[in-house]
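Asker: model the structure of this input:
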Amino acid sequence: MRTFACQSCGQPIYFTNHTCIHCGAVLGFIPDELRLAALQEQPDGTWTPIPPTDKLRRPSRFSLRPETPDAKFTSDRRYRKCANYAQHNVCNWLVPADAADSLCSVCRTNRTIPNLDRPGNLEKWYRIERGKRRLAYGLIRLGLPMRARTEDPEQGILFDFPSSQDAPPGQAVMTGHADGVITIDIDEADSANRERIRVDMNETYRTLVGHFRHEIGHYYWDLLIRDGGRLDGFRSRFGDERRNYQQALDDHYRDGPPADWQDHFITPYASSHPWEDWAETWAHYMHITDTMETAAHYGLEVERRLPDGSVQRADPEFDPYDIADFQRIIDNWVPLTSAINSLNQSMGQQDLYPFVLPQPAIEKMEYVHRIIREASGRRSSEHPL
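Answerer: This next block holds a predicted model:
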């Protein structure tokens, strides 16, 4: 996630903000420009970006890559707020004023929203949508934008956000993916409930954005592996997905992961079945690229001296979305996470990234990296997929 600055006053603003807390400017995200813009309302009720203040022409202490005036900022293109922004304030994305749909590209993927008559569900929905928009941003940066079923009836995606509290007796709501439909239990947005589940399932990490990244990995397995003619390459790295899935999960929850899982997999759950290994690997790839972009935009430079005298460095100018050589990403990621984990520990918090990457997991992640770059048209594959 990159950093943003308010075009009205030059102060830092953040991806989920609806207003600038410094000058009060209304904000809206323009997805085709990946820009969070300060807005001014027009007489017809539409919105246009505010021209940048001269403050944005000076270097920013908040980022090595501050917003700078260019053609984008002088655009007179008009926008409307997404209907879920205007009516419910659970979104901050914009829609072109001449668009036929009242919803933004991300909200159009919703099929089922929470029951807003139930107290607390509006806040939970806001948290859910916040995670989904971060997922959408990462996919756009990877060159894999989400398409709704209304745009792509065959391969478009849908999201359902039901609640276990509204389910019929004896029927649990299960977070998961099936045939392009991703279901997230709205009660996962309750931090206390999610933490209880994390502890009960002996997980080191459980977040809303993690759910989205994992489940979208299943979706892209269908598109890029099953339907993309890459099953042989997948099986050579992850194993044979034709193994009985439900039996594999039953065995995993009954017996736990194999004793040597840390030598081969990124998480214990990844060891349960090749499909879950792929989805966990995909999710962690998105964790890494998003976090590294944030670090780069803050100019975070890390130098870690090892006992043997060698030095590991994280480059503050590093852009993980524009790198073909995956090993360079890992070489930057390791010292970065070492530093941030240490900072978290200094505050008595859990490690930001509480995982160890064995070489087989790195190789699987490199495979995901190559497939994404090929699917997005960023490069021709140099290796068999």
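
Asker: would you map the strands across the stretch 251-385 of the chain?
Answerer: Counting by DSSP state E, counting those that start in this stretch, the stretch 251-385 of the chain has strands at residues 302-305, 311-314.

Asker: in this structure residue 77 contacts residue 96, no?
Answerer: Yes. Proximity of residue 77 to residue 96 meets the contact threshold set by CB atoms under 8 Å, at 7.0 Å. Every residue, glycine included, has its C-beta placed from N, CA and C.

Asker: before we move on, back to that, out of the strands of the stretch 251-385 of the chain, which is closest to residue 285?
Answerer: strand 311-314 (17.5 Å; CB to CB).

Asker: run the chain-centre distance for the closest one.
Answerer: The chain centre lies 26 Å from the centre of strand 311-314; the measure is CA atoms, centre = their mean, to the nearest Å.

Asker: least confident secondary structure element in the chain?
Answerer: One helix or strand of the chain scores below all others by mean pLDDT, DSSP states H and E: strand 311-314, with a mean of 80.

Asker: so which elements touch it?
Answerer: Under the contact criterion of 3 or more CB pairs under 8 Å, 6 or more residues apart in numbering; DSSP states H and E, strand 311-314 touches strand 302-305, helix 326-346.

Asker: can you name every helix or strand that the shortest one contacts?
Answerer: Using 3+ CB pairs under 8 Å, 6+ apart as the contact criterion, the neighbours of strand 302-305 among helices and strands are strand 311-314, helix 326-346.

Asker: out of the ones you listed, which comes closest to residue 45?
Answerer: Nearest of the helices and strands packed on strand 302-305 (CB to CB): helix 326-346, 43.7 Å.

Asker: what is the mean pLDDT for that closest one?
Answerer: On average, the pLDDT along helix 326-346 is 92.

Asker: buried ones in that helix?
Answerer: Within helix 326-346, the residues scored as buried using 16 or more other CB atoms under 10 Å are 326, 329, 331, 332, 333, 334, 335, 336, 337, 339, 340, 341.

Asker: residue 187 is nearest to which of the helices and strands packed on strand 311-314?
Answerer: helix 326-346 (26.5 Å).

Asker: touching that closest one from outside, list them.
Answerer: 288-289, 291-292, 295, 300, 302-304, 312-315, 318, 320, 323, 350-354, 357, 362, 365-366, 369-370 (CB atoms under 8 Å, 6 or more residues apart in numbering).

Asker: cool, stretch 142-150 as well?
Answerer: With contact meaning CB under 8 Å, 6+ apart, stretch 142-150 is reached by 101, 105-106, 108-109, 111, 135-136, 139, 155-158, 180, 216, 220, 286, 289, 321, 372-373, 375-378.
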